[in-house]
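Participant: Give me a 3D structure for the following:
(chains A and B)
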Amino acid sequence: MGTDQYQPLQGMSDLAAPDIDIWQALESKSRKLLDGYTVQEVRTPVLERTSVFTRSIGDTTDIVQKEMYTFEDRGGRSITLRPEGTAGVMRHVAGQGPEGSESRLYYMGPMFRAERPQAGRKRQFHQLGVEFLGCPSPAADAECIALQQHLAAEWGLENCRVRINTRGMPEDRTIVSRGLRDRLLSSVSDLCEDCRRRLETNPLRVLDCKHESCRGVVDGLPPITDLMSSEARDYYQDVLHILGRLDVEVEQTPKLVRGLDYYVHTVWEICHPALGAQDSISGGGRYLIPVGGREIEGVGFAVGLERVIAALKEQGKVEDLVEKHRGIWLISSGKAAFDENMVLMQTLRLRGMRCGMDLRNRSMKAQMRLANRQSASHVIIRGDHEMDNGTFILKDMSTGDQEELDMPALMERLHVVPLIDVGGR
RNA sequence: GUGGGUGUAGCUCAGCUGGUUAGAGCGCCAGGUUGUGGCCCUGGAGGCCGCGGGUUCAAGUCCCGUCACUCACCCCA
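Facilitator: Numbering: from 1, shown residues only, chains lettered A, B, ... in the order given. As a prediction, this is how the structure comes out:
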């Protein structure tokens, strides 16, 4: 500790033991579940041309205006570290032609935003995101939300709340914005400075402003669904109806609008009570994103994995998620036993067993302590006596029982010890 | 980008209004058991007191700067 040279950059951190077990458990549980929903993984580059993000996220958003890590590469091209996952996926599927715009994809990995770090917000953070492309049906919106909630449950998160709203049809966007502006104009003097600006750039954002006075104005407004076409309201009702049949509980939240420009129709977020000011673990919606001269339609969401882990820790759910390691620990007394144990260890590993031994020349007591710390289920002890007789002592660490066995008997016995699970937990 | 709090051992922290060899718990290592873990007992190692500058006879302690962590605003996952 102490010197800065060993610290990562501000807002970035090393993911290592013991927390890395949580990450791996989350990842493997998620992959398995996603596969069950017939969603395929896509891994796009972390670095993209800057235009990939400015085009799809929207020039007026804070992400584009002040939070992107943008550099020039050696050829003088402007490139950006991805601040979110959707834009890269859109670039990917656009390159695939019509077939790509029917995909069901997920991504998992680091995102970068140059913000001031605080609880639940890092400069490098990790998202799991899902995109259902094409399929302009309320069923897709509902399936998406159901999947998202299933994930949360699979991870062991309790007391999640889903807030949902609609932003209306694509054609409704200007009508809603204009209608909203007209209604807000009458009480413009009560709005904060930011919201007066938003009135021109993006009136929807006024709805989720946290200023006391703005909320007063907003609370008096009728829901924005009133401004929308009947198709938009029908679509929303369909989504709610299907969610009901799928047994997914949601809270209708007329003031929820979400910050990204590309959203249309359904928008939602999931928040968790154990978190601080950033209590939203996940957000999503239906979108229409311009890519290379056309628009790709889809519905999707992104989950902030750091926030999920924070919530799980807060709930004391981490132990349930992470399995203890177990396996076999080899203990030797004397050089001959040590040499032979190296060979035995390799043999066991080739058979798929998790095992290890102390490579320093330490006392048996120290080796036993290590075995205990490794949560070994069994220990194999060899010393001069065993070397002379060609035997092994097998000790069960939970009961303390031990017996002297020859090689065939030892191998027989070890079948009960769990093998390495190559497919993850 | 703005504001508050914090930086002392691997970890969590104590250190009163500046005063002599900077402490505790946990962890680690070793011994108690000359071939046996968890519990217990004993001992040991481990500190540019974040970094730089200033005030002072004297700074972990006060002042300034800086870096980082943390919390909040803005916004988002």
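
Participant: what bits of chain A have low per-residue confidence?
Facilitator: For chain A, the stretches flagged by pLDDT under 70 are A:1-5, A:416-425.

Participant: Residue in it with the shortest distance to RNA strand B?
Facilitator: Closest approach of chain A to RNA strand B (CB to the nearest atom of the strand) occurs at A:Gly259, with a separation of 1.2 Å. The C-beta positions use only the backbone N, C-alpha and C, and glycine is treated the same way.

Participant: Contact residues of the stretch 201-350 of chain A facing RNA strand B?
Facilitator: Proximity of the stretch 201-350 of chain A to RNA strand B, by CB under 7 Å from any atom of the strand, involves residues A:205, A:208-211, A:258-260, A:269, A:276-278, A:280-283, A:302-304, A:306-307, A:333.

Participant: Can you pull the residues of the stretch 51-200 of chain A lying near RNA strand B?
Facilitator: A:61-63, A:84, A:113, A:115-122, A:125, A:127, A:194.

Participant: that older thread, narrow the residues of the stretch 201-350 of chain A next to RNA strand B to those in strands?
Facilitator: Judged by DSSP state E, the subset of these located in strands is A:Glu269, A:Ser280, A:Ile281, A:Ser282, A:Gly283, A:Ala302, A:Val303, A:Gly304.

Participant: which ones are touching A:Gln118?
Facilitator: By CB atoms under 8 Å, 6 or more residues apart in numbering, the contact list for A:Gln118 reads A:Ala277, A:Gln278.

Participant: With A:Arg307 as the reference, measure out to it.
Facilitator: Applying CB to CB, to the nearest Å, the value for A:Gln118 to A:Arg307 is 12 Å.

Participant: which residues are common contacts for those two?
Facilitator: Residues touching both A:Gln118 and A:Arg307 comprise A:Gln278, with contact defined as CB under 8 Å, 6+ apart.

Participant: tell me the SS of A:Ile164?
Facilitator: Recorded secondary structure, A:Ile164: strand (DSSP: H, G, I helix; E, B strand; the rest coil).

Participant: ok, it - how many residues close by?
Facilitator: Neighbours of A:Ile164 under the rule other CB atoms under 10 Å: 24.

Participant: how near is it to A:Tyr37?
Facilitator: Distance from A:Ile164 to A:Tyr37, by CB to CB: 20 Å.

Participant: for A:Asp247, same thing?
Facilitator: According to CB to CB, A:Asp247 and A:Tyr37 sit 16 Å apart.

Participant: do A:Glu295 as well
Facilitator: In terms of CB to CB, A:Glu295 sits 25 Å off from A:Tyr37.

Participant: ok so, going back, filter the residues of the stretch 201-350 of chain A next to RNA strand B to the buried ones?
Facilitator: For these, a neighbour count by 16 or more other CB atoms under 10 Å gives the buried set as A:205, A:208-209, A:211, A:258-260, A:269, A:280-283, A:302-304, A:306-307, A:333.

Participant: sorry, back to before: more neighbours, A:Asp247 and A:Tyr37?
Facilitator: Taking neighbours as other CB under 10 Å, A:Asp247 and A:Tyr37 compare with A:Tyr37 leading, 16 against 8.

Participant: quick check: domain ranges of chain A?
Facilitator: A:3-169+A:228-321, A:328-413 (automatic domain parsing).

Participant: Tell me which of those domains sits most buried.
Facilitator: Mean neighbour count (mean count of other CB atoms under 10 Å) peaks for domain A:3-169+A:228-321 among the domains of chain A, with a mean of 18.
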